[in-house]
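Engineer: Below are the sequence and a predicted model; questions follow.
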Amino acid sequence: DAKTTQPPSMDCAEGRAANLPCNHSTISGNEYVYWYRQIHSQGPQYIIHGLKNNETNEMASLIITEDRKSSTLILPHATLRDTAVYYCILSNTGNQFYFGTGTSLTVIP
Amino acid sequence: DTEVTQTPKHLVMGMTNKKSLKCEQHMGHRAMYWYKQKAKKPPELMFVYSYEKLSINESVPSRFSPECPNSSLLNLHLHALQPEDSALYLCASSQVGQGGQPQHFGDGTRLSIL
């Protein structure tokens, strides 16, 4: 069963930062937080992951609270191509991914 | 572009047919996965292979038969499927490790059962 909670949908204006929250209050000490997105008719695309520290790559930033019970994915300058379903997933091994229902992000021109 | 290649992209088959879905990766990953995704739903894990051995079967019906002939290939053999098996079937691969190993997904095979 999925162990994450995400809002079902969000809108963001093009060019603005998109902040996507994820609640994982029952996370265990060795579980990583992964973020993926899925654009219609494509497979899920890996974005970023982290364990305790905040992480940044060329696509996004991941902010994990100190108690690790929630996290936020930040897309710094959203474009129309960022419109997708975003999934937050917990896994300790990386071998078992149980997707939650995700957040459908719509970037508005 | 995805580094995990799935063929065919689309497949239509009758309930009595036998067909196979194929997945290939050349990233040196030793873990491979099959997921099933129904329309407007999240992907659901079906099978996990680690070092070419089946390590997880999420109680998938026997009409779905996975096979991992080598470290680069993963097959899903289909037989006597039902209309409710119509879905997008996704393959993924990753390094085997203690964690922090992201999975890389293909774009899937869209299967329709008549």
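Structural biologist: It's in. Residues are numbered from 1 along each chain as shown, chains lettered A, B, ... in the order given.
Engineer: Neighbours of residue A:29, how many?
Structural biologist: A count of nearby residues for residue A:29, using other CB atoms under 10 Å in any protein chain shown, gives 8. (Each C-beta comes from the backbone N, C-alpha and C, glycine too.)
Engineer: and what of residue A:83?
Structural biologist: Neighbour count for residue A:83, taken as other CB under 10 Å: 19.
Engineer: same check, this time on the one 5 residues further on
Structural biologist: For residue A:88, the count of nearby residues is 28 (other CB under 10 Å).
Engineer: Phi first, then psi, for the residue nearest to it when sequence neighbours are not counted.
Structural biologist: Nearest in space to residue A:88, with sequence neighbours left out and distances taken as CB to CB, 6 or more residues apart in numbering or on different chains, is residue A:22 at 3.4 Å. Dihedral angles of residue A:22 (phi, psi; degrees, to the nearest 10) stand at phi -150, psi 130.
Engineer: mind listing the strands for the chain?
Structural biologist: Just so you know, I chose chain A. For chain A, the strands defined by DSSP state E occupy A:9-13, A:18-23, A:32-38, A:45-50, A:55-56, A:61-64, A:70-75, A:84-91, A:103-108.
Engineer: look at chain B instead
Structural biologist: Secondary structure of chain B, counting by DSSP E: strands at B:4-7, B:10-13, B:18-25, B:31-37, B:44-50, B:53-57, B:64-70, B:73-79, B:87-94, B:104-105, B:109-113.
Engineer: right, and these - which one's nearest chain A?
Structural biologist: With CB to the nearest CB, the closest approach to chain A among the strands of chain B belongs to strand B:104-105: 3.5 Å.
Engineer: gap between the residue nearest to residue A:85 when sequence neighbours are not counted and residue A:91?
Structural biologist: In this structure, residue A:85 finds its nearest non-sequential neighbour in residue A:102, 4.5 Å apart by CB to CB, 6+ apart. Using CB to CB, to the nearest Å, residue A:102 is found at 16 Å from residue A:91.
Engineer: the more surrounded of these two?
Structural biologist: Neighbours were counted for residue A:102 and for residue A:91 using other CB under 10 Å; residue A:102 has more, 27 against 21.
Engineer: Wait, that one touches residue A:84, no?
Structural biologist: No - at 9.1 Å, residue A:102 does not count as touching residue A:84 under the criterion of CB atoms under 8 Å.
Engineer: Tell me the residues that contact both of those two, please.
Structural biologist: Shared contacts of residue A:102 and residue A:84 (CB atoms under 8 Å, 6 or more residues apart in numbering or on different chains): residue A:38.
Engineer: Spit out the contact partners of residue 50.
Structural biologist: In the absence of a named chain, chain A is used. Applying CB under 8 Å, 6+ apart to residue A:50 gives the contacts A:32-33, A:62, A:64, A:71.
Engineer: looking at chain B here, not the other one
Structural biologist: Residue B:50 touches A:95, B:30-31, B:96, counting by CB under 8 Å, 6+ apart.
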